[in-house]
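A.B. asks: Show me the folded form of this:
(chains A and B)
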2 protein chains.
Amino acid sequence: MSAQHRYRIEVEFDGTPFVGWQRQDNGPSVQGAIEEAAARLTQAPGACYGAGRTDSGVHAIAMTAHLDLAKALPPDNVRDGLNAYLRPAPVSILLAQPVSPDFHARFQCHRRHYLYRLLDRRSPPVLMRDRVWHVIAPLDVDAMAKAAHPLIGQHDFTTYRSAHCQAESPLKTLSQFEVTRVGQEVHCALSAPSFLHNQVRSLVGTLVQVGLGRAALSQPYDALQACDRRACGPVAPAHGLYFVKADYPPTAI
Amino acid sequence: MSAQHRYRIEVEFDGTPFVGWQRQDNGPSVQGAIEEAAARLTQAPGACYGAGRTDSGVHAIAMTAHLDLAKALPPDNVRDGLNAYLRPAPVSILLAQPVSPDFHARFQCHRRHYLYRLLDRRSPPVLMRDRVWHVIAPLDVDAMAKAAHPLIGQHDFTTYRSAHCQAESPLKTLSQFEVTRVGQEVHCALSAPSFLHNQVRSLVGTLVQVGLGRAALSQPYDALQACDRRACGPVAPAHGLYFVKADYPPTAI
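C.D. replies: Numbering: from 1, shown residues only, chains lettered A, B, ... in the order given. Just a heads-up that it's a prediction; the model follows:
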């Protein structure tokens, strides 16, 4: 087997047409699209691993991945060549840089940042269709921000975890959970070393109940303490969620 | 003929699938979509006139129009009913309010605001595909802002007018022409009582040549003074352009 050349890439994608980041049997994946473009670029298989495994419909502003290529190519050629072969799939390689074969996009990532975008107005969004969760009543952003704050820190997030979650432990440390109004939208910014499956969408969906005045300000924290999936609010839809950025220790890159 | 009831409406639309605002024989229009929704809502023809006639691919954040309905309906029912019948067309009625039969969305509008969005980076946009003009080299925003400034005011805009423009006079008064960086994008904001056909796209296309360093800072103003269409730069594509807002004198509404 020939030597592999590892590149770190950053990827923007529109998650709408994909089954998710990860290759699956039931439809097109972002990982699959990139690996196929890499194979066309180098005429040899290329393997790609992302920092996070996003669900179908979830977008990325800049997902970090590592990509092993059979040929050493100048990094700008990797970026532009992949973009040429990816077209018309809604996946764009923002950056490619050669890294050590020890770099691992998933295992070395020490913080992941997510953004959840909500549009609270009566009329449906059309310019931002499939880009924001449309909530038809006004959201109380102050209440949401206050309800979010006690969830920051290390907790057992059993309540906010999908039944399909494969993580060994429900213990996670939420480093950031901020809710702010940005123009007409409401943005939830969440960061953590790692997340449970559906954790962000479960947290945001529960918080929206507070924003709509349907749940008390204390409900999201009470639900956390219950350690019971049934205490979670409706899970927020995938299309409002964005993987924003993956952080690595300086020594990893 | 039965009495007509006039409503002022504000409309968000994604211009991608339309031949433009105005009804035409060669494909679906925003005006046509609204008139068809109105006809289904009231079981009688409805006529709609917009403040501006946008080209195919041009979007609107809030286009004002007036709509004559055969029935008097509560304004919220007009908004929600039209939105229900418009689905799945990417047109959303943001607001409906009853107005006097003297109100005319086009003739009484005394200022129109446009936004042109550019993304200057190497990699293609996918989250904002069909929403921004992708320019693959960095734009010098300061140079663009300086070059735009002398075009403000009343001028003969023959250079920046489509050959198909039907306006009687090329004299127009540009009230605002600002270029700023907004996050990763470059935004051009233009306002005027009225515009010539393709004026915004011609102005932005010419300015981008300055931003790319391909034309001198003085070129857009020199081209204006030449009063010669051949002095205009490449016309910017439709999909970066947004109709933002129409202003009316307080007495009109």
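A.B. asks: From now on I want contacts and neighbour counts done on CA atoms only, so please keep to that.
C.D. replies: OK.
A.B. asks: And A:Ala145, its phi and psi?
C.D. replies: Per-residue torsions, A:Ala145: phi -60, psi -40 (degrees, to the nearest 10).
A.B. asks: Flag every residue of the stretch 51-200 of chain A that's near chain B.
C.D. replies: Residues of the stretch 51-200 of chain A found near chain B (Cα under 8 Å from any Cα of the partner chain) are A:61, A:79-80, A:83, A:90-94, A:122-127.
A.B. asks: now, which of those lie within strands?
C.D. replies: Among those, the members falling in strands (DSSP state E) are A:Ile61, A:Val91, A:Ser92, A:Ile93, A:Leu94.
A.B. asks: For those, which ChimeraX command selects only the ones that are buried?
C.D. replies: One line in ChimeraX is enough to select the buried ones among those; burial here means 16 or more other Cα atoms under 10 Å in any protein chain shown:
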select /A:61,91,92,93,94
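A.B. asks: With pLDDT added, can I get the ones in strands among the residues of the stretch 51-200 of chain A next to chain B in JSON lines?
C.D. replies: Output for those, formatted as JSON lines (pLDDT from 0 to 100):
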{"residue": "A:Ile61", "pLDDT": "98"}
{"residue": "A:Val91", "pLDDT": "98"}
{"residue": "A:Ser92", "pLDDT": "98"}
{"residue": "A:Ile93", "pLDDT": "98"}
{"residue": "A:Leu94", "pLDDT": "98"}
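A.B. asks: Quick check: pLDDT value at A:Glu35.
C.D. replies: The per-residue pLDDT reported for A:Glu35 equals 97.
A.B. asks: Next: the one 3 residues further on.
C.D. replies: At A:Ala38, the predicted lDDT confidence score is 97.
A.B. asks: That one - that's part of a helix, no?
C.D. replies: Yes - counting by DSSP: H, G, I helix; E, B strand; the rest coil, A:Ala38 is part of a helix.
A.B. asks: from memory it sits against A:Pro45, does it?
C.D. replies: Yes - the criterion here is Cα atoms under 8 Å, and A:Ala38 meets it with A:Pro45 at 7.1 Å.
A.B. asks: So if I had to pick from the two, which one is more boxed in?
C.D. replies: Using other Cα atoms under 10 Å in any protein chain shown, the more surrounded residue of A:Ala38 and A:Pro45 is A:Ala38, with 26 against 15.
A.B. asks: re earlier: what touches both of A:Ala38 and A:Pro45?
C.D. replies: Common contacts of A:Ala38 and A:Pro45, defined by Cα atoms under 8 Å, 6 or more residues apart in numbering or on different chains, comprise A:Leu69.
A.B. asks: sorry, back to before: closest to A:Ala33 among the ones in strands among the residues of the stretch 51-200 of chain A next to chain B?
C.D. replies: Of all those, A:Ala33 sits closest to A:Val91, with 8.0 Å by Cα to Cα.
A.B. asks: Give me the distance between that closest one and A:Gln31.
C.D. replies: Noted for A:Val91: a distance of 10 Å to A:Gln31, by Cα to Cα, to the nearest Å.
A.B. asks: what about A:Glu36, neighbour count?
C.D. replies: Per other Cα under 10 Å, the neighbour tally for A:Glu36 reads 19.
A.B. asks: If you could redo that for A:Ser123, that was the one I meant.
C.D. replies: 22.
A.B. asks: now A:Arg6
C.D. replies: Using other Cα under 10 Å, A:Arg6 is surrounded by 25 other residues.
A.B. asks: you'd agree it is up against A:Ala105?
C.D. replies: No - counting by Cα under 8 Å, A:Arg6 stays clear of A:Ala105, with 10.8 Å between them.
A.B. asks: what do these two both touch?
C.D. replies: A:His66.
A.B. asks: Which stretches in chain A count as strands?
C.D. replies: Along chain A, counting by DSSP E, strands occupy A:5-13, A:47-50, A:59-69, A:91-98, A:111-120, A:133-135, A:153-156, A:171-174, A:176-182, A:185-192, A:241-247.
A.B. asks: Could you export those as JSON lines, including distance to B:Glu10?
C.D. replies: Putting these into JSON lines (distance: least, Cα to Cα, whole Å) gives the following:
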{"stretch": "strand A:5-13", "distance to B:Glu10": "31"}
{"stretch": "strand A:47-50", "distance to B:Glu10": "43"}
{"stretch": "strand A:59-69", "distance to B:Glu10": "29"}
{"stretch": "strand A:91-98", "distance to B:Glu10": "34"}
{"stretch": "strand A:111-120", "distance to B:Glu10": "17"}
{"stretch": "strand A:133-135", "distance to B:Glu10": "18"}
{"stretch": "strand A:153-156", "distance to B:Glu10": "44"}
{"stretch": "strand A:171-174", "distance to B:Glu10": "41"}
{"stretch": "strand A:176-182", "distance to B:Glu10": "21"}
{"stretch": "strand A:185-192", "distance to B:Glu10": "19"}
{"stretch": "strand A:241-247", "distance to B:Glu10": "28"}
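A.B. asks: what's near enough to touch the closest residue to A:Thr173 other than its chain neighbours?
C.D. replies: Spatial nearest neighbour of A:Thr173, excluding adjacent residues (Cα to Cα, 6 or more residues apart in numbering or on different chains): A:Gln154 at 4.0 Å. Residues near A:Gln154 by Cα under 8 Å, 6+ apart: A:Leu171, A:Lys172, A:Thr173, A:Leu174.
A.B. asks: pLDDT wise, what is A:Gln154 at?
C.D. replies: pLDDT, A:Gln154: 98.
A.B. asks: any idea how far it lies from B:Phe157?
C.D. replies: A:Gln154 is 63 Å from B:Phe157, by Cα to Cα.
A.B. asks: ditto for A:Ser191
C.D. replies: Taking Cα to Cα, one finds A:Ser191 at 51 Å from B:Phe157.
A.B. asks: Kindly report the same for A:Gly183.
C.D. replies: Distance of A:Gly183 to B:Phe157, computed by Cα to Cα: 34 Å.
A.B. asks: Kindly report the same for A:Ser100.
C.D. replies: 57 Å.
A.B. asks: Compare these two and say which is more crowded by neighbours.
C.D. replies: Of the pair A:Ser100 and B:Phe157, B:Phe157 is the one with more neighbours under other Cα under 10 Å, namely 25 against 12.
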